[in-house]
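Asks: I would like the atomic coordinates for the input below:
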Amino acid sequence: MPVDEEAIAQPAASPLQFAEPAGCSLSLGIIGNCAFSALVDQRARIVWCCLPRFDGEPVFNALLDPSEEASAWAFELEDFASAEQSYEPNTAVLRTRLFDSAGQGIEITDFAPRFFSRSRYFRPLSIVRRVRPIAGAPRVRIALDPRFQWGQVKPTLTRGSNHIRYVGPDFTLRLTTDAPVSHILSRQPFVMARDYNFLLGADETLTEGISDTARHFEQETLSYWRTWSKRLAIPFEWQDAVIRAAITLKLSLYEDTGAIVAAMTTSIPEAPGSQRNWDYRFCWLRDAFFVVRALNSLSEVGTMEDYLRWLNNVVVGSRGEHIQPLYGIGLERHLPESFVECLPGYRGMGPVRVGNQAQEHFQHDVYGNIVLGAAQAFHDHRLLRRAGAAEFPHLEAVGEHAIRVYGTPDAGMWELRTRARIHTSSALMSWAACDRLAKIARAIGKPERAAYWHGHAARMREEILAKSWCEERQAFAESFGGHELDASILLMAEVGLIEARDPRFVSTVDAMEKALCDGPYMRRYEAADDFGKPETAFNICTFWRIDALAKIGRKAEARQIFETMLAARNPLGLLSEDTHPVTGEMWGNFPQTYSMVGIINAAVRLSAPWDSAI
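Replies: Alright, predicted model coming up:
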């Protein structure tokens, strides 16, 4: 039956001491199940969750709305004093403990169910929250305020004996719980004298009891993640950091189609008040390649197999023509950029953008990233379905396009909106496409095609090394005939165009450290862009520097910088896109797959071998 929300939401007569919500920050944890995700702050308040998938409208939007109108889900402790938070080791199950000034406390366990059942992965659009008293008899107030259409529409509420339905214009959420429904609707504080369970998701009736279902989901989800983590081939050092990064990358997979999102958020500024606010909830072919490569280095090839399904659809659908740098997670090509005027933005720093204009760009490195992302499937004998002669012509069509665009101006990998040049990084990836196609052709027994692709790769390599070299700077520049420096040039050694110990590459690293580095941190480029000069360090660039230093023999310095980056993570081991070199604060969309990739790559590169200890 309908519920009069205004009537039941009146404040209690006596004043209650409930703390204000924690301020907006990126000290967040992520829960998810490869279908959707949610971000949880240090006091167990869910501040961001998009449904029915990563790029949907947020039903909880407090991350982008610091006002009282924000939508969130919190368990508020009367006379709150402190909190502590951690993941259950090697899982995506998050536990938060809240304590009051008398030492009374509760523990909140948050997760999204994911486990193998009935011959497939069970990953419902459901948040499970289990709350139990751990000391004394604390009083709790439940604040559950989902919203629809970017916070503009409050749901219509109906209730049953053990559920509340939040009816929106497009879909309905159902909370099923064994807690008093009346207390939730009225926000009446009550004594937490026993365990309670909360399942928020699709408008469906549970087939089993609430507590039994929640307990079963938790046990199975813990088991899934522990088994998944146990199979990783991790380095000896920094194991916990690598496992957390790997789990976070896995959570960025939209398993239904195989797409990998760049981040879970939109419009977290790259720097305070910078207007550099973008929507990253889509699949960039460049970012996805780096994710796949990092997980492959840990012997986790399942994500690659899923991603290759999505990538194959992109390649076949292009029919040998232009391929966008990004697509929607359901293969959507049209991602128009617009503004959400009703949300003030992270800490009030708008604008809030939906969609991304970069889908219109010509970024020529995309063809190399496609070939690099697919290459392992032709060589890896572990795969259930290896790529071969049937797939090769489609990949060759991508390579032909890489040849056509090689040496022509584009927006570059940093997606410059008002400037086009012949970017060295784009030419580099055209070379990488030809180089890997030659190796694939040899592997599948096509020597004529191998010679064809090798010939193009050799020609491109010679030209790139000549035309991107800046004699005055004694470094490879960001564009052919250019003068300015760009951190993406460090990928020359990463993808094998040049030996890391080559004096020209060593000299380039030295020049970049002088021009782009603020202590241990590295910016993307030195030239001003559409918004001026970058203020914050771009985390993946710092990790590229770490990798380059290790390759050229400066391993001790690389380790020091890596330790600095590990210290820059939030308390749960996650990184956003950018780090402010002065304050050390995280900025940019979160959690950023590029940054989590960097943690894995650096640890694998720098770790002592296992046999040094065992």
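
Asks: give me the number of residues near residue 274?
Replies: Using other Cβ atoms under 10 Å, residue 274 has 17 other residues around it. For glycine as for every other residue, the C-beta is placed from the backbone atoms N, C-alpha and C.

Asks: quick one: it from residue 578, how far?
Replies: Distance, residue 274 to residue 578, by Cβ to Cβ, to the nearest Å: 10 Å.

Asks: surely residue 265 and residue 280 touch.
Replies: Yes: shown here, residue 265 and residue 280 form a contact pair, counting by Cβ atoms under 8 Å, at 6.7 Å.

Asks: more crowded one of those two?
Replies: Neighbour count, other Cβ under 10 Å: between residue 265 and residue 280, residue 265 has more, with 29 against 26.

Asks: mind checking the SS state of the nearest residue to residue 37 once chain neighbours are set aside?
Replies: Spatial nearest neighbour of residue 37, chain neighbours left out: residue 264 (5.2 Å); criterion: Cβ to Cβ, 6 or more residues apart in numbering. Assigned state for residue 264: coil (three-state reduction, DSSP: H, G, I helix; E, B strand; the rest coil).

Asks: quick one: contacts for residue 264?
Replies: 30, 32, 37, 39, 48, 50, 54, 252, 280-281, 589-591 (Cβ atoms under 8 Å, 6 or more residues apart in numbering).

Asks: quick one: it and residue 32, what's the gap?
Replies: Distance from residue 264 to residue 32, by Cβ to Cβ: 8 Å.

Asks: same check, this time on residue 312
Replies: 24 Å.

Asks: any idea how many residues pack against residue 203?
Replies: Residues near residue 203, counting by other Cβ under 10 Å: 12.

Asks: make that residue 143, sorry
Replies: 14.

Asks: before we move on, what about the one 5 residues further on?
Replies: Applying other Cβ under 10 Å, we find 22 other residues in the vicinity of residue 148.

Asks: got it, and residue 390?
Replies: Every residue meeting other Cβ under 10 Å relative to residue 390 is counted, giving 7.

Asks: what's the closest non-adjacent residue to residue 319?
Replies: Here the residue nearest residue 319, using Cβ to Cβ, 6+ apart, is residue 397, at 7.9 Å.

Asks: likewise residue 426?
Replies: Of all residues not flanking residue 426 in the chain, residue 364 sits nearest, at 3.9 Å (Cβ to Cβ, 6+ apart).

Asks: same check, this time on residue 473
Replies: residue 511 (5.4 Å).

Asks: what pLDDT is listed against the one you found?
Replies: With respect to pLDDT, residue 511 has a value of 97.

Asks: and for residue 7?
Replies: 38.

Asks: quick one: low-confidence ranges for the stretch 151-300 of the chain?
Replies: Under the criterion pLDDT under 70, no range of the stretch 151-300 of the chain is flagged.

Asks: which parts of it are strands?
Replies: 156-159, 163-167, 172-177, 190-191, 196-202, 253-254, 259-260, 283-284 (DSSP state E, counting those that start in this stretch).

Asks: among the ones you listed, show me which one is buried the most.
Replies: strand 259-260 (a mean of 30; mean count of other Cβ atoms under 10 Å).

Asks: ok, back up a step: which ones are touching the residue nearest to residue 319?
Replies: 315, 318-320.

Asks: so for the strand ranked longest in the chain, what's the average pLDDT?
Replies: For the chain, the longest strand by residue count, based on DSSP state E, is strand 126-135. The predicted model gives strand 126-135 an average pLDDT of 98.

Asks: partner strands of it, parallel or antiparallel?
Replies: strand 105-111 (antiparallel), strand 196-202 (antiparallel) (DSSP bridges).

Asks: which of these sits closest to residue 369?
Replies: strand 105-111 (32.6 Å; Cβ to Cβ).

Asks: buried sites along the helix or strand following the closest one?
Replies: Following strand 105-111 in sequence order, the next helix or strand is strand 115-117 (DSSP states H and E). Of all the residues in strand 115-117, those buried under the rule 16 or more other Cβ atoms under 10 Å are residue 115.
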